[in-house]
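Q: give me the fold of what follows.
(chains A and B)
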2 protein chains.
Amino acid sequence: MRYTAPLRDIRFVLDELAGLKDILALPGNEEMSADLVEAVLEENARFVQEVIAPLNRQGDSQPPTLRDGEVTVTPGYAEAFAEFSQGGWQGLQHPQEWGGQGLPKVLAAATSENLNAASLSFSLCPLLTDGVIEALLTVGTEAQKARYIPPLLDGRWTGTMNLTEPQAGSDLALVATRAVPQSDGSYRLSGQKIFITYGEHEMAENIIHLVLARLPDAPAGVKGISLFIVPKFVPNEAGEPGKRNDVWCASLEHKLGIHGSPTAVLLYGSGKGEVGEGAVGYLVGEANRGLEYMFIMMNAARYAVGIQGIAVSERATQQALAYARDRVQGRAVEGSSGPVPIVRHPDVQRLLLTMRALTEANRAVAYVAAAARDHAHQHADAGQRAASQALYEYLVPVVKGYATETAVEVASLGIQVHGGMGFIEETGAAQHYRDARILPIYEGTTAIQANDFLGRKTLRDAGAVAQGLAAEIDKTLAELRRAAEAGSPRQAGLQLIARQLEGAVQAYRGTVAFLLQEAPKDVRTIFAGSVPYLMLAGIVTGGWQMARAALACERHLGEGSTDPFWADKFATAVFHAGHILPRAAAQAAAVQAGGVVSAALAGSLIA
Amino acid sequence: MRYTAPLRDIRFVLDELAGLKDILALPGNEEMSADLVEAVLEENARFVQEVIAPLNRQGDSQPPTLRDGEVTVTPGYAEAFAEFSQGGWQGLQHPQEWGGQGLPKVLAAATSENLNAASLSFSLCPLLTDGVIEALLTVGTEAQKARYIPPLLDGRWTGTMNLTEPQAGSDLALVATRAVPQSDGSYRLSGQKIFITYGEHEMAENIIHLVLARLPDAPAGVKGISLFIVPKFVPNEAGEPGKRNDVWCASLEHKLGIHGSPTAVLLYGSGKGEVGEGAVGYLVGEANRGLEYMFIMMNAARYAVGIQGIAVSERATQQALAYARDRVQGRAVEGSSGPVPIVRHPDVQRLLLTMRALTEANRAVAYVAAAARDHAHQHADAGQRAASQALYEYLVPVVKGYATETAVEVASLGIQVHGGMGFIEETGAAQHYRDARILPIYEGTTAIQANDFLGRKTLRDAGAVAQGLAAEIDKTLAELRRAAEAGSPRQAGLQLIARQLEGAVQAYRGTVAFLLQEAPKDVRTIFAGSVPYLMLAGIVTGGWQMARAALACERHLGEGSTDPFWADKFATAVFHAGHILPRAAAQAAAVQAGGVVSAALAGSLIA
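A: Here you go, the predicted model:
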């Protein structure tokens, strides 16, 4: 199945909603021209369409294999990774001083979406490497940066994140891997890590594992975890891969989806290799602050997984739409002389538009969040920087939580559009449904996102960011009403959007108020509502951005443009208001029923 | 993973909601005692737990194989099918005059749920055979019944339904398989059928295909389709399997789920076999009425698929609950001295209770529908029979449509409860997610159900059954209010249920009124809302039954029972009211936005 990068949709969000122009004008972006942006987007589209997208099905049907501790990836992956590296794509969003291109996050969001849409499994390798680069940039020593970042940036080496152990998944307090200091300042690590994405493969000369482990004298719990660099081959003095380190792939997981991505069990310290017993590791930053460092990266990694949700949604939507236009079956509901393409049937349209509306809304929210991050980094005004950073941090769990939960929904609807053919693996729709299912789980389950969202991002500032967001939505509502009253031929659509967005933002405000009020009284009740609150925020911020999209289309159409792009996008925004925004009240009701519900539940599940 | 038949939950629905006692008192049921019911349920539970459930994973990982046109099923399936047949399970709901046991449909619903929960893939063989038996009982000649029904009933032979062709899926007007009359009164069939469940296997001596095909002089479209019996081995005069007929399995599909069930492409008339060219077939009923006959069976088959949805939901819920009680991770939200089982975490409880609430609500609606069917068949009063039949027919698309869509949701939540382990195939949670995905597709997609629901079941009687149902819900609401006002210690829960059910039934009434009013004006708009209307009906009827369940528990608790079963079930009903019923308004809003939405959409999807 072909994939076509949705360049015009992406440009629309960048230009009309995320304010790319303002970002290009930020201090430090003097070298970024509109032409450069265009060239990056065009070349990214070409590369993912021609090189990566054709490998997606192959990754599913010919997953990596393990033999004698070495992993052979899906045929074609290594060549594609070499092209990816040579194209400089790994360095896109990293600093120029280390050889990167230092492009804005909002642009990296777009290229990353396309790469992931082309193949989630392939893209996980660069995604994890990005995380390692960011960690080292943030807390590595200058020597560590100089040693590891250039080869990671140019794709000679790749990176992994080693958090999970069999007994320590969401609960990192239980991490047991040990790190023993050596006289030369290095450490020796021993233990078992699981679920390590691209933990072993042959696409790169070296693999740099970032590993959470405990020092012998470390306190128990999360305050005794340190972060280590463990290279597969210990670099020699020249910085080239040297002795084979004592870290080994024991097995690969047999997973529901993302088959093309090798998920490894890694054993540290089994005594094999060329370094003696224990994997040679190097402390990153200070001892016992590993979890804190992981959290620095976490926002970026979580955001990246949210982008994966949008990516798989886009690809599933493209595939379902192509099938619906092609497959002829049944008469039109208002009558037709013969069978028609199923895209003409009302419920097939409802399915496709649900897919499209969720995808577009999530893309808009994610890019707006990335833009906030760019402002937070580079804006001249400190107050603006702080406000933008707070908005970004508020939106990260929304992007991760909502765009991944809805990705599962979108992929499932994609199967439904195909009918029986959707259930046949060769069709390819089922792969998206299997692939998407990991997204609400890894880099923190939806519940973990929701706890962060409620605890750190809402209660901690007494709802300040949330209320500020609601006030922004009010401004959009006022604009909608002005546009509707100006006698637009799209008045009914504008009114529907305004009515539904108003209901949704009321539900949102009421929920935030409820949570703030109940928090001191009943922590169990409010945390039973944390995921519904997160979903509510996803629905309402998506509705807000779709309303802004509708207003942008209204402007172009009002100026006399006859380009059908505007009318189509306007229609999608109306659909979102009619079919998605009404879900907000249901989520709000679930949150607010929390007290009665949790009181009724005592004991009903705990055996 | 073990499966335990939820006998007490099933008995609760049979006794307290579906009125089993009244059904046992119907004319014709004189031989059915409470003891018999108990014995059937107990033996069914034992059989599926010990014999079928252990094969479920094996069916997934060792699917049937095709070699030289013959299918070998999953190891263990043939032996299990022999035990199934010897136990007389195929005849459970079929008439005693043909060797069946003639048990009420409400009881067959329960045993069928357990069989399907044990293994969807295995159960599809008897499910299809049931359909063939019912078709022959309804429209077969006495000679056909005598020849085919006894061996189908005792499991020597099995049956299939052959509707779909590559170009004819939901649209049977496009069926192209041809049937040419022969001088001896038989027919010769040629053509290709796809997606034929258990279309070829070696578990039985013979396979009886019911095939839709066209006579040479048949009119075009659905009014030119006839129904034929095509046996794999043409029975000889003694009724034993004779010559190998010209129907052959060309391939098996590679599917997302239900791997244990062989899904065959069947070729009719390729000239192989022992009968010359063309598959020997026998007309069932009158020529050109095949689709009508299929529709007679359709309600039963669709109902059966709805039961499959409940079955996989129950199994996924059991598995997730067991994992959540076992897996230790993280502190309790109100504080704990160490990590706790994850079932203690509020969001894990929310996930599990969503699973449980949907499963219990769907079971209750389905069994109540089956009870209506029993009354429709056997009640002494003709008016009661007609009213019950109308209610049954109204509820069938609800059971099929809503219980299968929610089965996908429940299976997905089951993965989420497991976290990363849920994505690993060996855990088994992923299998339910893959298996469940076919349920909203086969035997008519959800959209097909919704069109039937809106067109034949709602507009045709001007909403009479729908309004009657709403009036019944009003009675339950009045009971809830009386119970709440009586000063129960569960007053807050009863009030929440009453408040949410009232809102849901209002949304339902308003939606039915809207659809009736718009139908003459804008057929496209109302059919764009058909699936949301169906989902709304599923939510509100589920909420109604959960409210009745809560009232039953309230009676037992009010009488002083300290059995935790009542408190748990009451809690689930409260949860359903707090978390599921609020979805009703969202579905109603989607229906009622239809006009604006469909006006805005012109051209946005049609390339």
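Q: wait, residue A:372 touches residue A:396, no?
A: No. Look at residue A:372 against residue A:396 with CB atoms under 8 Å: they stay out of range, at 9.9 Å. For the C-beta atoms, the positions are set from N, CA and C on the backbone; glycine is no exception.
Q: what about the helix or strand of chain A with the lowest mean pLDDT, near chain B?
A: One helix or strand of chain A scores below all others by mean pLDDT, DSSP states H and E: helix A:594-601, with a mean of 75. Yes. Contact of helix A:594-601 with chain B (CB under 8 Å from any CB of the partner chain) involves A:594, A:596, A:597, A:598, A:599, A:600, A:601.
Q: buried residues in that helix?
A: If you call a residue buried by 16 or more other CB atoms under 10 Å in any protein chain shown, then helix A:594-601 has these buried ones: A:594, A:595, A:596, A:597, A:598, A:599, A:600, A:601.
Q: likewise for stretch A:84-102?
A: By neighbour count on 16+ other CB under 10 Å, the buried set for stretch A:84-102 is A:84-85, A:89-94, A:98-102.
Q: out of these, list just those in helices.
A: Under the assignment DSSP state H, the buried residues of stretch A:84-102 contribute A:84, A:85 to helices.
Q: which residues in chain A form strands?
A: Taking DSSP state E, the strands of chain A run over residues A:65-67, A:70-72, A:157-162, A:178-181, A:187-197, A:206-213, A:226-231, A:233-235, A:241-244, A:247-252, A:263-268, A:279-284.
Q: which of those sits closest to chain B?
A: Proximity to chain B (CB to the nearest CB) singles out strand A:187-197 among these, at 5.4 Å.
Q: note down every partner strand of the closest one and its orientation.
A: In the sheet, strand A:187-197 lines up against strand A:178-181 (antiparallel), strand A:263-268 (antiparallel), strand A:279-284 (antiparallel) (DSSP bridges).
Q: name the residues of that strand that are buried.
A: Neighbour count says strand A:187-197 has A:187, A:188, A:189, A:190, A:191, A:192, A:193, A:194, A:195, A:196, A:197 buried, by 16+ other CB under 10 Å.
Q: for the fourth one, report the pLDDT, please.
A: In the prediction, the pLDDT value recorded for residue A:190 is 98.
Q: how close does it sit to residue A:270?
A: Distance of residue A:190 to residue A:270, computed by CB to CB, to the nearest Å: 8 Å.
Q: next: the second one.
A: The gap separating residue A:188 from residue A:270 is 12 Å, by CB to CB.
Q: over to the fifth one?
A: Counting by CB to CB, the gap between residue A:191 and residue A:270 amounts to 10 Å.
Q: wait, residue A:422 touches residue A:413, no?
A: No. Using CB under 8 Å, residue A:422 is not in contact with residue A:413; the gap is 9.7 Å.
Q: could you list the buried residues of stretch A:541-558?
A: A:541-554, A:556-557.
Q: filter the residues you listed down to just the ones in helices.
A: Of the positions in those, A:541-554, A:556-557 sit in helices, assigned by DSSP H.
Q: closest to chain B among those?
A: Nearest to chain B out of these is residue A:550 (CB to the nearest CB; 9.9 Å).
Q: for the nearest residue to that closest one once chain neighbours are set aside, report the pLDDT, please.
A: Closest residue in space to residue A:550, ignoring its immediate chain neighbours: residue A:573 at 3.8 Å, by CB to CB, 6 or more residues apart in numbering or on different chains. Predicted confidence (pLDDT) for residue A:573: 97.
Q: you'd agree residue A:573 is up against residue A:547?
A: Yes. With contacts counted by CB under 8 Å, residue A:573 reaches residue A:547, the gap being 6.7 Å.
Q: what sits in contact with each of the two?
A: residue A:497 (CB atoms under 8 Å, 6 or more residues apart in numbering or on different chains).
Q: so what's residue A:504 up against?
A: A:539, A:540, A:543, A:581, A:584, A:585.
Q: from chain B, how far out is it?
A: Using CB to the nearest CB, to the nearest Å, we find residue A:504 at a distance of 11 Å from chain B.
Q: how near is that residue to residue A:588?
A: Residue A:504 is 9 Å from residue A:588, by CB to CB.
Q: span of stretch A:331-349 from start to end?
A: End-to-end distance for stretch A:331-349, by CA to CA, to the nearest Å: 15 Å.
Q: and that stretch, does that touch chain B?
A: Yes. With CB under 8 Å from any CB as the measure, stretch A:331-349 is seen reaching chain B through A:333, A:334, A:339, A:341, A:343, A:344, A:345, A:346, A:347, A:348, A:349.
Q: what do you get for stretch A:105-122?
A: No. Stretch A:105-122 does not reach chain B (CB under 8 Å from any CB); its nearest approach is 12.9 Å.
Q: for that stretch, what is the average pLDDT?
A: Averaging pLDDT along stretch A:105-122 gives 98.
Q: what separates that stretch from the chain centre, distance-wise?
A: In terms of CA atoms, centre = their mean, to the nearest Å, the centre of stretch A:105-122 is set 9 Å apart from its chain centre.
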